[in-house]
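Undergrad: Model the structure of this input:
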Amino acid sequence: QVQLVESGGGLVQAGGSLRLSCAASGRAASDYAMGWFRQAPGKEREFVGCIRRDGTTKYYADSAKGRFTISRDNAKNTVYLQIYSLKPEDTAVYLCAASSDWSPTTQYLYTTWGQGTQVTVSS
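TA: Numbering: from 1, shown residues only. Now for the predicted structure:
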């Protein structure tokens, strides 16, 4: 069973950038497609994007296109989420999740979740 730990969140001013990391242990990250989600206070968890096991294909939510970039380094067992031009509405807990399938927005197929990292964007 893979374990996931996110890091890289923090307090950022609007317009800034952040790179979040998701470190996998227990099993190789390359065994999984990896997704990023976020959950803002009082809102449902929202799909951000997903990357295939080998990194060849990425899929983003419409709201994430243009400012969010997912990448992975399987040699380091780590997946990244780069966020540019942060906005206050990006404030949320960001979570990574692992799936043995490729169905980016189907949350129940993500069988392992990290605890999340808080991103707070000030205006």
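Undergrad: Relative to L11, how far out is the residue positioned nearest the centre of the chain?
TA: Within the chain, the residue whose C-alpha comes closest to the C-alpha centroid is W36; the distance, by Cα atoms, centre = their mean, is 2.5 Å. Separation of W36 from L11 (Cβ to Cβ, to the nearest Å): 19 Å. Placement of C-beta: from N, CA and C, glycine included.
Undergrad: and the residue nearest to the centre of the chain, bridged to which residues?
TA: Beta-bridge partners of W36, counted by DSSP bridges, are G49, C96.
Undergrad: neighbours around the closest residue to A61 other than its chain neighbours, how many?
TA: In space, A61 comes closest to F47 once its chain neighbours are excluded; the distance is 5.2 Å by Cβ to Cβ, 6 or more residues apart in numbering. A count of nearby residues for F47, using other Cβ atoms under 10 Å, gives 20.
Undergrad: Quick check: F47 touching Q107?
TA: Yes - F47 sits in contact with Q107 when judged by Cβ atoms under 8 Å, with a separation of 7.2 Å.
Undergrad: joint contacts of the two?
TA: When contacts are counted by Cβ atoms under 8 Å, 6 or more residues apart in numbering, F47 and Q107 are jointly contacted by F37.
Undergrad: Contacts only, for the residue nearest to A61.
TA: The neighbourhood of F47, defined by Cβ under 8 Å, 6+ apart, consists of 35, 37, 61, 104-105, 107.
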